[in-house]
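[1] Starting from these lines, generate the structure:
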Amino acid sequence: MRNLSPLKIALVQTDLFWKDKVANLAMLEEKIWEITEKPDLIILPEMFPTGFSMDARELAEPMNFTVTKWMRQLAVQTGAVITGSVIISEGGKFFNRLLWVAPDGKVHHYDKRHLFRMADEEKVYSSGGEVPVFELKGWKICPQICYDLRFPVWSRNRLKGEELAYDLIFYVASWPAARGAAWDALLPARAIENLSYSIGVNRVGTDGNSIAYNGHSAAYDFKGRQLVESGEKEGIFMVELDGEELLAYRDKFPAWMDSDSFLIQ
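    Okay, here's the model as predicted:
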C-alpha cells in the first residue's frame, strides 16, 4: 500500500473582472498572498484571467506567455502547485486549457473535453482527447473543467495495473447559479462512484453576459461527506485531505474491484 501524506489545498472562490487579464492577475496575486497556511495546491476557477468568454480571438494567448509566466512566478514564490484554466491558442486552434504549474517550473495541461454547446463553446474551442493524471506528494490527481462534471464516463476512475488511476478529482468552473443544484449534487456523486476525493472551485459574481454565479466551491471525501463549503461569498477556503484514510477505506470497501472495463472512443 502506498503512503500518502496529508495534502493541503486552497480553493480560490472569487469574482472576476470581465475580459481584463491585468486586473484579474493583480487581484488574484493579492488574494494568494493573503493565504496564511502553506498550501500544496492552489486551485483557481475556469478562465480565471478573463471570465468565461467566447471571444477567444481577442483573449487567447500562446503557451509560455503572460499567464503561464505569472503562474510560474507564483508557484516558485509560494512553493505550491497553481492550477486553473486559460484561453490558449495553439496550432491555429483555441483551447479552454487547464494549466498545472509546479514550483520547479514544469507545466502540464488538460484541454476541456466537453464544450458547453448552450454557450456555443464547441464552435469556438477545440475539444481535448486525453485525461491526464498529475502527481503531487505521491497523490494522483485528475483535472476536469466545468461541464465535464456532467459526464461520469469520461472521468471514471479506472484501474491502472492493480491500483485506481487517481486519488483526487477536481473541477475548475464557471458554473451558473441557475444550475447550482446540479453542481451540488454531482460533486459528491463523483467522489462516491470513484472512491476518491472530489473538489470543485467555482466563481461568484456576474459576468459581462449578465450570467450570475453563486460559488458553492466545495470538497468531498470518498464517502460523499462534505469537508468544506464556501457558500456564495468570495474567499480562500482551505482543506486538508487525509490520504491514509482514503487508502484504508478502499482496502475495506473494494468496490473498485467490481467496476466495468471499457474504452472511450
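[2] With just CA atoms, put stretch 258-265 into PDB.
    Below are the C-alpha coordinates for stretch 258-265, written out as PDB (Å, rounded to 0.1, in the frame of the first residue of the first chain):
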ATOM      1  CA  ASP A 258     -16.200  -4.900  -9.500                       C
ATOM      2  CA  SER A 259     -16.000  -2.000 -11.900                       C
ATOM      3  CA  ASP A 260     -16.700  -2.400 -15.600                       C
ATOM      4  CA  SER A 261     -13.900  -2.200 -18.200                       C
ATOM      5  CA  PHE A 262     -14.500   0.000 -21.200                       C
ATOM      6  CA  LEU A 263     -12.800   2.200 -23.800                       C
ATOM      7  CA  ILE A 264     -13.600   5.700 -24.700                       C
ATOM      8  CA  GLN A 265     -13.800   6.400 -28.400                       C
END
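[3] ok, now how distant is the nearest residue to S126 once chain neighbours are set aside from K112?
    Spatially, and ignoring its direct neighbours in sequence, S126 is nearest to K93 (4.3 Å; C-beta to C-beta, 6 or more residues apart in numbering). The C-beta positions use only the backbone N, C-alpha and C, and glycine is treated the same way. Relative to K112, K93 is positioned 13 Å away (C-beta to C-beta, to the nearest Å).
[4] Quick one: neighbours of K252, just the number.
    7 (other C-beta atoms under 10 Å).
[5] ditto for K38
    By other C-beta under 10 Å, the residues close to K38 number 10.
[6] residues contacting H108?
    H108 is in contact with L99, W100, A102, P132, F134, counting by C-beta atoms under 8 Å, 6 or more residues apart in numbering.
[7] picking that back up, quick one, phi/psi of the residue nearest to S126?
    phi -120, psi 160 (degrees, to the nearest 10).
[8] before we move on, back to that, sort out for me which of the contacts of H108 are in strands.
    Among the contacts of H108, the ones falling in strands (DSSP state E) are L99, W100, F134.
[9] out of those, who's nearest Q73?
    Lowest distance from Q73 to the ones in strands among the contacts of H108 (C-beta to C-beta) belongs to L99, with 13.1 Å.
[10] quick one: contacts for that closest one?
    Counted by C-beta under 8 Å, 6+ apart, L99 has contacts V67, T68, M71, T83, G84, S85, V86, V107, H108, H109.
[11] Now with 7 Å, please.
    T68, M71, T83, G84, V86, V107, H109 (C-beta atoms under 7 Å, 6 or more residues apart in numbering).
[12] where does G231 fall, helix, sheet strand or coil?
    Under DSSP: H, G, I helix; E, B strand; the rest coil, G231 falls in the coil class.
[13] Specify the beta-bridge partners of the residue nearest to S126.
    Taking DSSP bridges, one obtains E90 as the residues bridged to K93.
[14] all numbers from here: first residue = 35
    Sure thing, new numbering starts at 35, so read that last one as K127.
[15] Good, we can wrap up now.
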